[in-house]
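In: build the 3D model from these lines:
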Amino acid sequence: EQLGALLRRVHACALPATAWPAVVRENLPDGVAPSWAAYIQARRARTVDRQREKNCPAAWLQAMPAFLDEVGDHHNIPARLGLLHGEVNADHVFVAQEAGIWRVTGLLDFQAAMPGDPEHELAQTAFHCCFGEPAQLRAVLRGYGFADPELTRDLQRRFMAQFLLFTWCPFQRYIVNPEF
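Out: Purely as a prediction, here's the structure:
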């Protein structure tokens, strides 16, 4: 739950709309001004090709465009973008044991930080920190502020769509258990 609470605080931070890192600018077509919508649109356009390069099974590649179109939340831009860390994973989350209890004590490497949809980062965290383990993911989401009734199949599908849009990840290696 501590990681979820930390991410909620990070996502609440203000960030200038002009603070687009190289990872965003490099993924946009020439002449397109950086924005969250442009970034997601560019990611969506290359999702299948990127996953093909990562040896994703052909049946999954074939299903991806329809799945992304059906879920469609990557087309919905939130009213307020949050500060995304950009690379929340086990290598960037500091923990320490205090009185026999492990605690999250920090988050490092904000090189890829950018304004964006917090749900995009939560989806990445589900795979890169929770490794698809339902109990861990549930704890992170509760710490973030999700109530149990919000942990729905629809949220799972949105997370999967967001994860497919992620820059470099061969997503099939993270599919362990798709439940919360």
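
In: which stretches of this protein form strands?
Out: With strands called from DSSP state E, the chain shows them at 82-84, 93-98, 101-107, 114-116.

In: just how off-centre is the lowest-mean-pLDDT helix or strand in the chain within its chain?
Out: In the chain, no helix or strand scores lower on mean pLDDT, DSSP states H and E than helix 22-25, which sits at a mean of 74. Distance of helix 22-25 from the chain centroid (CA atoms, centre = their mean, to the nearest Å) equals 16 Å.

In: and the contacts of that helix?
Out: 34, 39, 86, 112, 114, 167 (CB atoms under 8 Å, 6 or more residues apart in numbering). C-beta here means a position set from N, CA and C on the backbone, and glycine is covered the same way.

In: helices or strands up against the longest helix seen in the chain?
Out: The single longest helix within the chain, with elements called by DSSP state H, is helix 36-53. Applying 3 or more CB pairs under 8 Å, 6 or more residues apart in numbering; DSSP states H and E, one finds that helix 36-53 contacts helix 58-71, strand 114-116.

In: kindly present the ones you listed as CSV, with separate columns for mean pLDDT and distance to G143.
Out: Formatted as CSV, those follow (pLDDT from 0 to 100; distance: least, CB to CB, whole Å):
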stretch, mean pLDDT, distance to G143
helix 58-71, 89, 25
strand 114-116, 86, 20
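
In: P21 contacts G86, doesn't it?
Out: Yes. The pair P21 / G86 is scored as a contact, 7.0 Å apart, by CB atoms under 8 Å.

In: hey, what's in contact with both of the two?
Out: 111-114.

In: and stretch 106-124, how far out from the chain's middle?
Out: 7 Å.

In: dump it to CSV, keeping only the CA atoms.
Out: Taking C-alpha atoms only, stretch 106-124 is exported to CSV below (Å, rounded to 0.1, in the frame of the first residue of the first chain):
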residue,chain,number,x,y,z
GLY,A,106,12.0,6.5,-1.8
LEU,A,107,11.8,6.5,-5.6
LEU,A,108,14.8,7.4,-7.7
ASP,A,109,15.7,8.2,-11.3
PHE,A,110,13.1,10.7,-12.7
GLN,A,111,14.9,10.9,-16.0
ALA,A,112,11.8,9.8,-17.9
ALA,A,113,9.4,11.9,-15.9
MET,A,114,6.6,13.5,-17.9
PRO,A,115,3.1,14.8,-17.6
GLY,A,116,0.6,12.0,-18.3
ASP,A,117,-2.3,9.8,-17.3
PRO,A,118,-1.6,8.3,-13.9
GLU,A,119,-3.4,5.1,-14.9
HIS,A,120,-0.7,4.6,-17.5
GLU,A,121,1.9,4.5,-14.8
LEU,A,122,-0.2,2.3,-12.5
ALA,A,123,-0.5,-0.2,-15.3
GLN,A,124,3.2,-0.3,-15.7
